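>>> The following comprises the amino acid sequence and a computationally predicted model.
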Amino acid sequence: MLRVLVNGAAGKMGRSMSAGILAEEDMQLVAAVDQCCLGADLGELCGSGRCGVAVEADLAAAIEKSQPDVMLDFTVPAAVMDNLRVAQTHKLAAVVGTTGLTKENLEELRASCEKSGAPVFVASNFALGAVLLMRFAAEAARYLPEYEVLEIHNERKLDAPSGTALTTLNMMEAQRLEDSVGAANTRESVPGCRGGAYAGSHVHSLRLPGAVAIQEVIFGAPGQMLSLRHEATARDCFYPGVALALRKIKELKGLTLGLEHLL
Ligand SMILES: NC(=O)c1ccc[n+]([C@@H]2O[C@H](COP(=O)([O-])OP(=O)(O)OC[C@H]3O[C@@H](n4cnc5c(N)ncnc54)[C@H](O)[C@@H]3O)[C@@H](O)[C@H]2O)c1
């Protein structure tokens, strides 16, 4: 039985992932941490019926009391590193979906994992379709060096661009055989309308109510265009990837980035 602590349990992802974990026969949800909904029963919060696990605020106390095998973190960019430092201090493995980790954060994690021996798995996107989109986009970038990325999320998302857009652009830049010529002569009469420059391309972040997560990579070449698009229509699409990472975390060593390493 895999003992799971969910951090950010009362959030949109936390509730959705908790519902999945509570339905598993080989997993036990042993603790729920969040800054809101304190004292509420997590099963009732996520629509699975009473489960006897109350939401609590103190991560270190929750770890010590519940003795989990792994922490699942879907919190906020401003909190995730502190959460991971606490998990590392307790030599607790972690699966992280929270986005917004910087290169410096990842370097710190890599070093601390080596020291503690507790593995950390981070994926900017747990949806299989989005992982395939990244792989296909990287392959297409070898032959089509002119492309831009569009990502659409709901208006409450705290970071922009999305972690998936940055990962996709890094993977594409690593594969492309030629640099983009771009559109150097374009003058922006509205600042920012060409999007943000990143990894030799441009990324455009839309934030609109109703959106879960959409990413499109648009390629252009003389006489042809190619679009690769992934749309998450419900948060359930993230659960199979999360469950896979939870089940595999103990086999991993150090810091692992990206669901593609588990497929
Ligand atoms: N990797 C993926 O596949 C994937 C998919 C969707 C969302 N995300 C990311 O997951 C994160 C959460 O997304 P969401 O839509 O559930 O957001 P949300 O705002 O609904 O939930 C975040 C939760 O974290 C809680 N929180 C804040 N600070 C905390 C702390 N210090 N300790 C514990 N809990 C704390 C909040 O109270 C809230 O309940 C975001 O970073 C989002 O970009 C990743």
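Looks like it came in fine. Numbers count the residues shown, from 1 in each chain.
>>> outside of stretch 41-51, which residues touch it?
By C-beta atoms under 8 Å, 6 or more residues apart in numbering, the surrounding residues in contact with stretch 41-51 are 6, 9-10, 15-16, 18-19, 22-23, 29, 32, 37, 52-55. The C-beta positions use only the backbone N, C-alpha and C, and glycine is treated the same way.
>>> Which residues are in contact with the residue of the stretch 151-263 of the chain found nearest the ligand?
Nearest to the ligand, among the residues of the stretch 151-263 of the chain, is residue 238, at 4.7 Å (C-beta to the nearest ligand atom). By C-beta under 8 Å, 6+ apart, the contact set of residue 238 is 13, 16, 17, 97, 125, 126, 127, 232.
>>> try residue 110
Counting by C-beta under 8 Å, 6+ apart, residue 110 makes contact with 254, 255.
>>> next one: residue 5
For residue 5, the contact set (C-beta under 8 Å, 6+ apart) comprises 30, 31, 32, 33, 62, 63, 66, 68, 70, 71, 72, 92.
>>> Secondary structure element holding the residue nearest the centre of the chain?
The residue lying closest to the centre of the chain (C-alpha atoms, centre = their mean) is residue 124, at 2.8 Å. Using DSSP states H and E, residue 124 sits in no helix or strand.
>>> my guess is it contacts residue 163, does it?
Yes. Using C-beta atoms under 8 Å, residue 124 is in contact with residue 163, at 3.1 Å.
>>> Common neighbours of these two, please.
Counting by C-beta under 8 Å, 6+ apart, the residues touching both residue 124 and residue 163 are residue 99.
>>> in stretch 113-123, what counts as buried?
113, 116, 118, 119, 120, 121, 122, 123 (16 or more other C-beta atoms under 10 Å).
>>> got it, and stretch 225-234?
Of the residues in stretch 225-234, 228, 230, 232 count as buried by neighbour count, 16+ other C-beta under 10 Å.
>>> Setting the sequence-adjacent residues aside, check what's closest to the last one.
It stands for residue 232. Computed as C-beta to C-beta, 6 or more residues apart in numbering, the closest residue to residue 232 that is not its neighbour in sequence is residue 213, at 4.1 Å.
>>> Could you check how many residues crowd around that neighbour?
Neighbours of residue 213 under the rule other C-beta atoms under 10 Å: 21.
>>> pretty sure it is in contact with residue 234, am I right?
No. Proximity of residue 213 to residue 234 does not meet the contact threshold set by C-beta under 8 Å, at 10.2 Å.
>>> pLDDT score assigned to the closest residue in space to residue 127 that isn't next to it in sequence?
Nearest residue to residue 127, sequence neighbours excluded (C-beta to C-beta, 6+ apart): residue 237, at 4.5 Å. Note on residue 237: pLDDT of 94.
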